[in-house]
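1. I would like the atomic coordinates for the input below:
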Amino acid sequence: MIILYIFAIIFIATPFLPATGNPHWFFRTADFVRLQSIAIEIILIGLFMYFGNFNNTFDVVLFIGLIGATMYQLVKVFRYSSLFPRRKTKAESDGRITILAANVLQTNTNYKGFVNLINKYDADIVLAMETNTAWDEGLKEIESIYPHRIKATNEKFYGMLLYSKKPIEEAEVSYVIEDHVPSIHFQIQVGAENIFFQCLHPAPPSPTENETSKERDAELIISAKKLKDIQLPIVVLGDMNDVVWSRVTRLFKKITSMIDPRIGRGFFSTYHAGYSFMRFPLDHLFHTEDLFVDKMERSENFGSDHFAMFYEIKRKKKVVTTPDPKLHEEDIELIDTIIERVETE
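-> Numbering: from 1, shown residues only. Next comes the predicted model:
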């Protein structure tokens, strides 16, 4: 029972670590593993029901604690599952565009595997992240199909390559927080007007990269603040190295008044492609109310540690959305705190 007690205490306490607001990777990891943690908690509840002594106050407290921690986590993730009621749009379409986005893994040399995916989905836009010079060369053969390109490659696992069949306007590569972490901004005409696209791949908090989530959080929030002033339909996508139920990503959506098409469709866990039990939904797409995602699909494994994501996005006919974030005082304080953390470094 001692081992059962130890595991119970760990899985009662750790789900609440992100709520402390501490940006260190140790405190943020619990956000990433909520699905796995829920599965383990359910097993522990079953073990307590079989082995526990409910005449013992300590056993009862741990049992109730496990149920409470499980319910807390289920509330966090349930709306992103396929069991949650999906909001279906009945709006008429006024143009469409398709996107294939993938973190290809810089050390992955299966260029042909990704090219096969590109040919399979035949998307209007292809976004490849973690791309270096070798990946640039490896994808040369698609350039005849995708004549419009934005390249921001590097050898530090944060390069980006953007390919488009449609003409690109107002293209810009910016480095919001770190000088090796680019983001790409551009516009493409879909239907009667342009859609603004923002591609992000901030660095995660981890023992091998950034010790804290300060840089990632700041990039997401600073990007969100800039998006508020754009008077166009907007799509934000990329490997954001965060899960959708985290406080920072929820704040990003709140600032931008954006929609997550994952809600009611499923988790679409894209990382790690090689380990089915340790998968997290890290690759995201958000969009404004004047757009809707008609199709959303996760690809097969092509040698990367991420799966690719395919989206079919349509413009809503005669629908215009102006962002109107409903921010509370604690939201504003959190925004200021996140930005101050990187400004004072």
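2. Can you show me the helices along the stretch 151-300 of the chain?
-> According to DSSP state H, counting those that start in this stretch, the stretch 151-300 of the chain carries its helices in the segments 214-227, 247-256.
3. Let me know the average pLDDT across the shortest one.
-> Right, helix 247-256. Across helix 247-256, pLDDT averages out at 92.
4. ok, the spatially closest residue to residue 102 that is not a sequence neighbour - how many residues close by?
-> Leaving aside its sequence neighbours, residue 102 sits nearest to residue 308 (CB to CB, 6 or more residues apart in numbering; 3.4 Å). C-beta coordinates here come from the backbone N, C-alpha and C atoms, glycine included. Using other CB atoms under 10 Å, residue 308 is surrounded by 28 other residues.
5. what about residue 308, distance to residue 299?
-> Going from residue 308 to residue 299 by CB to CB, to the nearest Å gives 4 Å.
6. which residues in the chain form strands?
-> 93-103, 125-129, 148-152, 160-164, 169-174, 183-190, 193-200, 234-239, 283-287, 291-298, 309-316 (DSSP state E).
7. Which other helices and strands does the fourth one contact?
-> Pointing back at strand 160-164 there. In terms of contacts (3 or more CB pairs under 8 Å, 6 or more residues apart in numbering; DSSP states H and E), strand 160-164 is packed against strand 125-129, strand 148-152, strand 183-190.
8. what do you get for the third one?
-> Contacts of strand 148-152 with other secondary structure elements, assessed using 3+ CB pairs under 8 Å, 6+ apart, are made with strand 160-164, strand 169-174, strand 183-190.
9. Just want the angle from the first one to strand 169-174.
-> Think strand 160-164. Angle, strand 160-164 to strand 169-174, by axes from the mean of the first three to the mean of the last three CA atoms, to 10 degrees: 170 degrees.
10. Just the C-alphas of strand 160-164, formatted as PDB.
-> Extracted C-alpha coordinates of strand 160-164, given in PDB (Å, rounded to 0.1, in the frame of the first residue of the first chain):
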ATOM      1  CA  MET A 160      10.300  27.800 -41.100                       C
ATOM      2  CA  LEU A 161       9.500  27.200 -44.800                       C
ATOM      3  CA  LEU A 162       6.200  28.500 -46.200                       C
ATOM      4  CA  TYR A 163       5.000  27.400 -49.700                       C
ATOM      5  CA  SER A 164       1.900  28.700 -51.400                       C
END
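11. quick revisit: reformat the helices of the stretch 151-300 of the chain as TSV; add distance to residue 181 and mean neighbour count.
-> Output for these, formatted as TSV (distance: least, CB to CB, whole Å; neighbours: other CB atoms under 10 Å):
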stretch	distance to residue 181	mean neighbour count
helix 214-227	7	22
helix 247-256	16	20
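12. now the lengthiest helix in the chain, how far from the chain's geometric center?
-> Counting by DSSP state H, the longest helix found in the chain is helix 57-77. Offset of helix 57-77 from its chain centre (CA atoms, centre = their mean, to the nearest Å): 27 Å.
13. CSV for the strands of the chain, including distance to residue 73 and mean neighbour count?
-> Compiled in CSV, these are given as follows (distance: least, CB to CB, whole Å; neighbours: other CB under 10 Å):
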stretch, distance to residue 73, mean neighbour count
strand 93-103, 26, 21
strand 125-129, 29, 26
strand 148-152, 37, 17
strand 160-164, 33, 23
strand 169-174, 36, 13
strand 183-190, 31, 20
strand 193-200, 26, 21
strand 234-239, 23, 23
strand 283-287, 20, 24
strand 291-298, 23, 17
strand 309-316, 24, 22
